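1. build me a model:
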Amino acid sequence: MDLLLTLLIGIVAGVIDILPMIKMKVDKYSILSAFVYYLIVPFVIFGINWFGNLWWLRGGVVSILMAIPVIILVAKEDKKSPIAMTIMSIVLGSIIGVVGHFLNLM
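-> Sure, this is the predicted structure:
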C-alpha cells in the first residue's frame, strides 16, 4: 500500500508541475523529464531520514538538492526557468514531505 500511495503522490506532483509546461508548449522531453523527476522524488524523500523532528523541512531540501544539476543545465540556455524550477522544487517537495508525514510514509 505504501508503494502505491508513494506512486500516487508522485503522479499528482508530476501532473501539477507539468500542467503549466503543457500550456506553454514546452518541449515534450522537458515535460517528460519533469514528470519523471516528481514521480521519483517522493521515494527519495520518504526513504531519507534527515532532520529528525524537523520532518517538514525534509521534502523541500531533498527536492531542491536533487533538482540542482538540472537547474544548472537549464540555466545555460534559459535565464528565467531556473527561478521557476527552484520555487516549484521547494514548494512541491515540501508538500510531498508534509503529505508523506501525515500518511505515515516517512
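2. how far does the helix or strand residue 71 falls within sit from its chain's centre?
-> Assessed by DSSP states H and E, residue 71 sits inside helix 55-75. Here helix 55-75 is found 8 Å from its chain centre; the criterion is Cα atoms, centre = their mean, to the nearest Å.
3. how about stretch 52-69?
-> 10 Å.
4. what's the answer for stretch 20-37, then?
-> So, by Cα atoms, centre = their mean, the centroid of stretch 20-37 is 13 Å from its chain's centroid.
5. tell me the buried residues in that stretch?
-> 21, 31, 34, 35, 37 (16 or more other Cβ atoms under 10 Å). All C-beta spots, glycine's among them, are computed from the backbone N, C-alpha and C.
6. how long is it end to end?
-> One end of stretch 20-37 sits 16 Å from the other (Cα to Cα, to the nearest Å).
7. list of residues touching it?
-> With contact meaning Cβ atoms under 8 Å, 6 or more residues apart in numbering, stretch 20-37 is reached by 14, 15, 17, 18, 66, 67, 70.
8. between those, which is nearest residue 81?
-> Closest to residue 81 out of the contacts of stretch 20-37 is residue 70 (10.0 Å), distances taken as Cβ to Cβ.
9. now that closest one: how far from residue 104?
-> Relative to residue 104, residue 70 is positioned 30 Å away (Cβ to Cβ, to the nearest Å).
10. so where do the helices sit in the protein?
-> For the chain, the helices defined by DSSP state H cover 2-23, 28-47, 55-75, 81-102.
11. which positions in the first one come out as buried?
-> For helix 2-23, the neighbour count (16+ other Cβ under 10 Å) marks 5, 6, 9, 10, 12, 13, 14, 17, 18, 21 as buried.
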